[in-house]
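Participant: Give the three-dimensional model of this entry:
(one chain, ligands or ions: 1)
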Amino acid sequence: MPYQILVLHGPNLNLLGEREPEVYGALTLDEINRRIETRAREASADVRFFQSNSEGALVDALHDARTWADGVVANFGAYTHTSVALRDAISAIKIPVVEVHLSNVHARELFRHHSFMSAVCPGVVMGFGWQSYILGFDGLIYTLDAREAGRVTPGLQTRLRN
Ligand code: CA2
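Facilitator: Sure, this is the predicted structure:
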C-alpha cells in the first residue's frame, strides 16, 4: 500500500507567483503542487493538497488527515508564529507532520524566528524556495520508512517527548 501524504498550505500561499518573487520564488501554488506530485510519483506515494487562509480549516484538515494519511508536509505560513491551536492539532493526530518554509525565516524579522510547530514536528526544512517542499517530502518518506523498519529517527524521538 503506497504512503498517503497530505500537503497543507496556509494563509496567503494561494497568492504565490503574484507578488514578492524575491522572497517566495516565482512559481504559483499550482506549479509547486505539480512538482510535488512528480516527486510523489517517483516515490510511489499518493498525495493530496489543501490550502486555506483559515486557522480552523487547517485544524480540521489535520484532524481529517488522521483518518487516512500516513504523514503531512505543511507550510502553515504566518500561523507558524502564532497558532497554539495548530500545534495542539499536530500533537493530537500522532502522524508525523514535517514543517516547511519557502524562505529562511531565521534570516528575516525577529517575529518569524519562533515557530510553535517545530518542537512537535520530526523535522523542518526552510530557505530553499519550492524545493523546501520536495526536501520536506523526502524527509517525511525517510521518517515513515524508518518507522516501518522499526527504527526511530532523531526527529521523531524528539517529537515523542512533546
Ligand atoms: O517562508 C515561508 O514559507 C512562510 O511560511 C511564508 C509566510 C510567512 O508568514 C512565514 O513567515 C514564512 C507568508 C506566505 C505569504 O505568501 C505570499 C505569497 C505571495 C505574495 C505575498 C505573500
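Participant: alpha carbons only for contacts and neighbour counts from here, please
Facilitator: Noted.
Participant: Residues of the protein that sit close to the ligand?
Facilitator: Within the chain, the positions lying close to the ligand (CA under 6 Å from any ligand atom) are 12-13, 15-16, 18-20, 75-78, 101-103, 105, 112.
Participant: if we take those residues, which one ends up nearest to residue 27?
Facilitator: Of all the residues of the chain next to the ligand, residue 27 sits closest to residue 16, with 6.6 Å by CA to CA.
Participant: center of this structure, which residue is that?
Facilitator: By CA atoms, centre = their mean, the chain has its centre lying nearest to residue 74, at 1.8 Å.
Participant: Spit out the contact partners of that residue.
Facilitator: 7, 8, 9, 10, 97, 98, 99, 100 (CA atoms under 8 Å, 6 or more residues apart in numbering).
Participant: and the helix or strand where residue 37 lies, how far from the chain's centre?
Facilitator: Using DSSP states H and E, residue 37 maps to helix 29-42. Mean-position distance between helix 29-42 and its chain equals 14 Å (CA atoms, centre = their mean, to the nearest Å).
Participant: Quick check: can you name the pairing partners of whichever helix or strand comes after that helix and their directions?
Facilitator: Note on helix 29-42: by DSSP H and E, the next helix or strand toward the C-terminus is strand 46-51. In the sheet, strand 46-51 lines up against strand 4-9 (parallel) (DSSP bridges).
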